[in-house]
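Novice: Just need the structure, nothing else, for what follows:
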Amino acid sequence: MNKAGLTYNTEKEQIVISEYGRCVQEMIKKLPEIEDREQRTEAAKYIISVMVQMNPGIKQSSDYEHKLWDHLYMISGYKLDVDSPFAPPIPVEQQKKPQHIGYQNNDIKYGHYGQYLIKMIEAASQEENDEIREALAYSLAGQMKRNYLEWNKSVVNDQVIIDDLKNLSNGRLVIAEESRLNSNSDTPGKVQPQAKQQQQGKKKKKKVPNLKANMNNPNNPAYKKRMQELGKL
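Specialist: Numbers count the residues shown, from 1 in each chain. From the prediction side, this is the model:
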């Protein structure tokens with residue numbers, strides 16, 4: 001549909017700085033048409049005040065006035081001739097699109113564990129000391145379990161972690177199948193002990209004598225004494 005007097009924004013000049021809108025840009029483009037320099041400067045100051053209203057967030061910067069005047073020159077195409085309180089900015093060449101650095105093509109078999117953890121497993125598998133290698137195996141298994149749970153919130157079988165660790169280390173890092181891996185960061189990879197009984201560690205409540213019941217007991221000396229005071233014995 002093409003009607004006279006109607007134009008679309010896509011057919012208009014591109015906005016240089018979108019924060020100020022098209023109306024501000026049109027006002028700045030009209031500034032060179034003012035022949036008197038003093039009046040042109042006053043008009044520029046008025047546009048600066050409008051720019052502050054259109055983009056109030058710029059006032060958070062300590063040198064926001066300097067930035068506003070720089071933006072004013074940039075929108076005008078660096079062709080504005082006014083008495084600015086700041087030196088006009090130097091035109092900046094159009095920046096070229098940066099060269100694409102490409103994507104990593106590392107083939108990770110177990111991506112949910114992460115590339116760095118797999119490298120740690122490879123380094124630990126080269127340890128010759130059996131005790132150190134075993135300690136590293138438990139520590140890495142605990143970290144593998146935590147990484148697994150980061151991607152999969154459901155419960156993971158410890159045997160899956162043990163098997164994956166063995167495969168990633170080519171059989172060099174082996175953990176006993178009956179081990180229970182701890183995903184807690186305080187004690188990574190340790191074998192969890194069996195759960196303690198709930199009653200262990202609880203303090204026994206002291207029995208408080210029922211004084212009221214004892215006072216009603218005829219065999220209680222305190223009961224006899226009380227009765228004597230009342231003259232009933």
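
Novice: the longest helix in this structure is where?
Specialist: The longest helix of the chain (DSSP state H) is helix 130-151.

Novice: Export it to CSV, keeping only CA atoms.
Specialist: Coordinates of each C-alpha in helix 130-151 appear next as CSV, following Å, rounded to 0.1, in the frame of the first residue of the first chain:
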residue,chain,number,x,y,z
ASP,A,130,50.0,-46.1,44.0
GLU,A,131,48.8,-44.4,47.1
ILE,A,132,48.9,-40.9,45.5
ARG,A,133,47.1,-42.3,42.4
GLU,A,134,44.4,-43.9,44.6
ALA,A,135,43.9,-40.6,46.5
LEU,A,136,43.6,-38.7,43.3
ALA,A,137,41.1,-41.3,42.0
TYR,A,138,38.7,-40.7,44.9
SER,A,139,39.1,-36.9,44.7
LEU,A,140,38.4,-36.9,40.9
ALA,A,141,35.5,-39.3,41.3
GLY,A,142,33.9,-36.9,43.8
GLN,A,143,34.3,-34.0,41.4
MET,A,144,33.0,-36.0,38.5
LYS,A,145,29.8,-36.7,40.5
ARG,A,146,29.4,-33.0,41.3
ASN,A,147,29.8,-32.1,37.6
TYR,A,148,27.4,-34.8,36.6
LEU,A,149,24.7,-33.5,39.0
GLU,A,150,25.2,-30.0,37.7
TRP,A,151,23.9,-31.2,34.3
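
Novice: Packing partners of that helix?
Specialist: helix 115-124, helix 158-168 (3 or more Cβ pairs under 8 Å, 6 or more residues apart in numbering; DSSP states H and E). C-beta here means a position set from N, CA and C on the backbone, and glycine is covered the same way.

Novice: hey, which of these is tucked in deepest?
Specialist: Each of the helices and strands packed on helix 130-151 was scored by mean neighbour count; the highest is helix 158-168, a mean of 18, by mean count of other Cβ atoms under 10 Å.

Novice: ok and that one relative to helix 130-151, angle-wise?
Specialist: Between the axes of helix 158-168 and helix 130-151, defined by axes from the mean of the first three to the mean of the last three Cα atoms, to 10 degrees, the angle is 120 degrees.

Novice: about what we covered before: kindly reformat the helices and strands packed on helix 130-151 as a markdown table containing distance to V174.
Specialist: A markdown table is the format used below for these (distance: least, Cβ to Cβ, whole Å):
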| stretch | distance to V174 |
| --- | --- |
| helix 115-124 | 12 |
| helix 158-168 | 6 |
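
Novice: which one of the ones you listed lies closest to L80?
Specialist: Of all those, the one in closest proximity to L80, counting by Cβ to Cβ, is helix 115-124 (52.9 Å).

Novice: re earlier: ok, which of the helices and strands packed on helix 130-151 comes nearest K59?
Specialist: helix 115-124 (43.9 Å).

Novice: possible to save the helices and strands packed on helix 130-151 as TSV with distance to D81 and mean pLDDT?
Specialist: Below are the helices and strands packed on helix 130-151 laid out as TSV (distance: least, Cβ to Cβ, whole Å; pLDDT from 0 to 100):
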stretch	distance to D81	mean pLDDT
helix 115-124	58	90
helix 158-168	70	90
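
Novice: got a list of what K12 touches?
Specialist: Taking Cβ atoms under 8 Å, 6 or more residues apart in numbering, we find K12 in contact with R22.

Novice: CA atoms only for the helix or strand hosting Q39, dumped as PDB, please.
Specialist: Using DSSP states H and E, Q39 sits within helix 37-54. This file holds the C-alpha atoms of helix 37-54, laid out as PDB (Å, rounded to 0.1, in the frame of the first residue of the first chain):
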ATOM      1  CA  ARG A  37      26.600  31.600  15.300                       C
ATOM      2  CA  GLU A  38      25.300  32.900  18.700                       C
ATOM      3  CA  GLN A  39      21.800  31.700  18.000                       C
ATOM      4  CA  ARG A  40      23.200  28.400  16.600                       C
ATOM      5  CA  THR A  41      25.100  27.900  19.900                       C
ATOM      6  CA  GLU A  42      22.000  28.600  22.000                       C
ATOM      7  CA  ALA A  43      20.000  26.200  19.900                       C
ATOM      8  CA  ALA A  44      22.700  23.500  20.400                       C
ATOM      9  CA  LYS A  45      22.500  24.100  24.200                       C
ATOM     10  CA  TYR A  46      18.800  23.600  24.100                       C
ATOM     11  CA  ILE A  47      19.200  20.400  22.200                       C
ATOM     12  CA  ILE A  48      21.700  19.200  24.800                       C
ATOM     13  CA  SER A  49      19.000  19.700  27.500                       C
ATOM     14  CA  VAL A  50      16.600  17.600  25.400                       C
ATOM     15  CA  MET A  51      19.200  14.900  25.000                       C
ATOM     16  CA  VAL A  52      19.500  14.700  28.800                       C
ATOM     17  CA  GLN A  53      15.700  14.100  29.100                       C
ATOM     18  CA  MET A  54      15.800  11.500  26.300                       C
END
